[in-house]
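> Here is a sequence with its predicted model. Questions after.
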Amino acid sequence: MENASSSPGAKPAASPATELPRYPASVADLFALTKPRVMSLVVFTALCGLLAAPETIPFVLAFTAILCIAVAAGASGALNQWYEAELDAKMKRTAGRPLPAGRMEKRSALHFGIGLSFFSVVLMGLATNVLAAAILAFSIFFYAVVYTMWLKPRTPQNIVIGGAAGAFPPLIGWAAVTGDVTILPILMFAIIFLWTPPHFWALSLFVKTDYDAAGIPMLPNVSGNAMTRRQILIYTFPMIAAALAPWPLGLASPVYGLASLALNAVFLVLAIKVARNRTDKVKLMVPEKRLFGYSILYLFALFAILTIDRMFF
């Protein structure tokens with residue numbers, strides 16, 4: 001007896017990413033759409049930009065500005081997952097997300113992302129200023145459209161150009177306070193922009209099979225592991241230059257300068273170890289995993305020290 005799905009009039013079975021869930025999306029699933037881990041770094045760097053500014057604004061407005069940035073980051077994450085639901089279903093590390101797991105309709109994720117985007121931008125404009133709201137709106141557009149829809153599926157340089165998406169928060173935090181953008185927030189932007197490739201490529205080396213399965217042209221999949229390791233080391237040098245720049249430019253004290261030297265020295269040593277690694281076996285990619293883990297600590301520490309330095313020294 002034939003299975004119903006193989007009969008002439010039967011419709012093909014839907015994949016989890018396209019099935020309609022039996023129940024409305026839970027709060028936990030909606031929260032998962034916002035990519036809370038990514039949001040934590042976005043909020044932190046935005047807060048650093050806000051606190052490093054030469055002026056202050058009332059606490060309520062500062063809180064509102066950070067809230068808007070967090071909501072906008074969540075909106076970007078939701079729109080990203082809406083567009084990439086089918087791709088996420090093909091990768092082990094993302095298959096459990098609400099959409100590929102079939103716990104939510106794609107339409108709900110789209111509406112959720114658009115709603116959060118509109119709310120965050122309008123509230124930012126009303127609470128602070130037009131410049132901060134405009135940069136916030138552009139950051140959502142850049143991540144959801146330029147990076148997710150255009151760059152990521154087409155070029156192995158996706159994370160290089162797309163790194164700008166995660167570099168906007170300190171600019172927005174600064175602009176929310178001052179209404180302008182000067183050299184320090186631009187340097188903060190540059191640090192994150194140049195940090196993103198070595199950080200993300202280190203990860204992509206040991207999750208390469210996921211990108212293969214989804215057909216995403218990440219650098220290791222297109223140019224190989226050896227080239228990716230060299231690029232990680234190459235990008236480390238301009239990142240270090242941008243990270244050290246506030247000190248000689250008189251925008252930070254020697255306290256920041258010396259701390260930055262130490263943090264960057266460790267990053268460079270780890271990047272060199274990655275460049276010298278020759279294995280293709282994930283189990284032996286210890287330098288890559290160490291660099292990826294340290295890169296997160298590095299960015300948090302660097303921005304925290306810069307902010308403290310600006311506030312107290």
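Sure thing, it's come through.
> quick check, distance from the helix or strand bottoming out on mean pLDDT in the chain to the centre of its chain.
When each helix and strand of the chain is scored by mean pLDDT, DSSP states H and E, helix 208-214 comes last, with a mean of 86. Averaged C-alpha coordinates place helix 208-214 at 19 Å from its chain's average position (Cα atoms, centre = their mean, to the nearest Å).
> Tell me the helix or strand right after that helix.
Counting by DSSP states H and E, the next helix or strand C-terminal to helix 208-214 is helix 219-223.
> what comes up buried for the helix or strand following that following helix?
Under the assignment DSSP H and E, the closest C-terminal helix or strand after helix 219-223 is helix 225-244. Buried residues in helix 225-244, defined by neighbour count with 16 or more other Cβ atoms under 10 Å: 225, 228-229, 231-233, 235-236, 239-240, 242-244. Yep, even glycine has a C-beta here, placed from its N, CA and C like the rest.
> Now render those as TSV, adding distance to residue 75 and pLDDT.
Converted to TSV, the buried residues of helix 225-244 look like this (distance: Cβ to Cβ, whole Å; pLDDT from 0 to 100):
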residue	distance to residue 75	pLDDT
225	35	94
228	31	96
229	35	97
231	31	97
232	30	97
233	35	98
235	28	97
236	32	98
239	28	98
240	33	98
242	28	98
243	29	98
244	34	98
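> Quick one: list the elements packing against the least confident helix or strand of the chain.
For helix 208-214, the packing partners by 3 or more Cβ pairs under 8 Å, 6 or more residues apart in numbering; DSSP states H and E come out as helix 219-223.
> quick one: buried residues of the helix it packs on?
219, 220, 221.
> Tabulate those residues in JSON lines, adding columns for pLDDT.
Formatted as JSON lines, the buried residues of helix 219-223 follow (pLDDT from 0 to 100):
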{"residue": "219", "pLDDT": "94"}
{"residue": "220", "pLDDT": "93"}
{"residue": "221", "pLDDT": "92"}
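> Kindly indicate which of the residues you listed lies nearest residue 256.
Closest approach between the buried residues of helix 219-223 and residue 256, by Cβ to Cβ: residue 219, at 31.8 Å.
> residues near residue 162, how many?
22 (other Cβ atoms under 10 Å).
> Distance of it relative to residue 145?
Residue 162 is 11 Å from residue 145, where distance means Cβ to Cβ, to the nearest Å.
> Now for those two: what residues contact both?
Common contact partners of residue 162 and residue 145 (Cβ atoms under 8 Å, 6 or more residues apart in numbering): none.
> so what's the most centrally placed residue in the chain up against?
With distances taken as Cα atoms, centre = their mean, residue 166 lies nearest the centre of the chain, 4.7 Å away. Going by Cβ under 8 Å, 6+ apart, residue 166 touches 38, 41, 42, 143, 192, 196.
> try 6 Å this time
residue 192 (Cβ atoms under 6 Å, 6 or more residues apart in numbering).
> Next: residue 39.
Counted by Cβ under 6 Å, 6+ apart, residue 39 has contacts 70, 73, 74.
> Specify which member of those residues is nearest to residue 31.
Looking at the contacts of residue 39 and their distance to residue 31, the nearest is residue 74, at 8.3 Å (Cβ to Cβ).
> circling back to that earlier point, columns secondary structure on top of the contacts of residue 39, output as a markdown table?
Shown next, in a markdown table, are the contacts of residue 39 (DSSP: H, G, I helix; E, B strand; the rest coil):
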| residue | secondary structure |
| --- | --- |
| 70 | helix |
| 73 | helix |
| 74 | helix |
